[in-house]
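K.L.:
I would like to see how this sequence folds:
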Amino acid sequence: RRARGEEWDFLHYESANDVYVGDKLLLHDAVRLSVEDGSRVSIKERMRPFLCSAMVVLAGPRMVKVAAEALAAIALRQSERFAEPAYDKAPTQLTES
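P.N.:
Purely as a prediction, here's the structure:
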């Protein structure tokens, strides 16, 4: 309820979700956020700009291609996010004396 000025501001958040198909566990997702994890930044600051949390599960044979594309997009985004800083890699001219 951002429109009312509400923002996340808590010391601890814990959530666990299990998705079953029949008796078979398909997915277990667990999230734990705590100010006690050693970070010097509050949970509120770490979560910005996001003001919500969501889990979406799409399953079944029609989702195989969509899931592969989503995983590829996530991998690309993470590789860009954690890539080494770009430096000027212009070749150095070597001259013989």
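K.L.:
pLDDT on the longest helix along the chain, on average?
P.N.:
With secondary structure taken from DSSP state H, the chain has its longest helix at helix 64-81. Helix 64-81 carries an average pLDDT of 85.
K.L.:
Buried residues, the lowest-mean-pLDDT helix or strand in the chain. List them.
P.N.:
One helix or strand of the chain scores below all others by mean pLDDT, DSSP states H and E: helix 43-47, with a mean of 80. Residues of helix 43-47 classed as buried by neighbour count (16 or more other CB atoms under 10 Å): Ile43, Met47. Every C-beta, even on glycine, is put in place using the N, C-alpha and C of the backbone.
K.L.:
again with stretch 26-39
P.N.:
Neighbour-count burial for stretch 26-39, with 16+ other CB under 10 Å as criterion, is recorded at Leu33.
K.L.:
quick one: contacts for the residue nearest to His28 when sequence neighbours are not counted?
P.N.:
Closest residue to His28 apart from its sequence neighbours, by CB to CB, 6 or more residues apart in numbering: Asp18 at 5.3 Å. Contact analysis of Asp18 by CB atoms under 8 Å, 6 or more residues apart in numbering lists Leu25, Leu27, His28, Asp29.
K.L.:
Tell me the one of the residues you listed nearest Val41?
P.N.:
Within the contacts of Asp18, the smallest distance to Val41 is 23.5 Å, found for Asp29 (CB to CB).
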